[in-house]
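In: missing the sequence, but the structure's below:
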């Protein structure tokens, strides 16, 4: 899959290339759904970590900006007010990719066991 040519996944944090590097091999017809689902989960996890790092005033400010501002304004605010933003993103990405890789390994192991028992 050429992620550069697929508008659904070209701007995602978790990409087919990252999954492949982690040993996750997904059928071509399932990759877009997996990428979108993984990045939705990643967004939630990053959001949780960010909100835990903010004080009440900052949280109110962020919520107001999310409701009334642009994506660019929110991104600029996060860059300015969340000192560890890049580290949070990288940590949560790595954790989630590890979980996906483990799940894929478990599915492959189960499939292999089932194939061996039916032969």
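Out: Perfect, thanks for sending it. Model, not experiment: these values are computed from the prediction. Numbering: from 1, shown residues only.
In: switch to C-alpha atoms for all contacts and neighbour counts from now on
Out: Noted.
In: where does residue 13 land in three-state SS?
Out: coil (DSSP: H, G, I helix; E, B strand; the rest coil).
In: and it, how far from residue 96?
Out: From residue 13 over to residue 96 the distance is 11 Å, taken as Cα to Cα, to the nearest Å.
In: which stretches of the chain have low pLDDT?
Out: Scanning the chain for pLDDT under 70 picks out 1-8, 107-119.
In: shared neighbours of residue 13 and residue 96, anything?
Out: Here residue 13 and residue 96 share no contacting residue, scored by Cα atoms under 8 Å, 6 or more residues apart in numbering.
In: any buried residues in the helix or strand containing residue 52, and which?
Out: Secondary structure assignment for residue 52, by DSSP states H and E: helix 31-53. For helix 31-53, a neighbour-count test (16 or more other Cα atoms under 10 Å) marks 31-32, 34-36, 38-39, 42-43, 45-46, 50, 53 as buried.
In: could you do stretch 79-86 as well?
Out: For stretch 79-86, by 16+ other Cα under 10 Å, it's residue 85.
In: shift numbering so it begins at 274
Out: New numbering, starting at 274: the last item is stretch 352-359.
In: and stretch 333-352, how far from the chain's centre?
Out: Once both centres are worked out by Cα atoms, centre = their mean, to the nearest Å, stretch 333-352 turns out to sit 20 Å from its chain's centre.
In: thanks a lot, catch you later.
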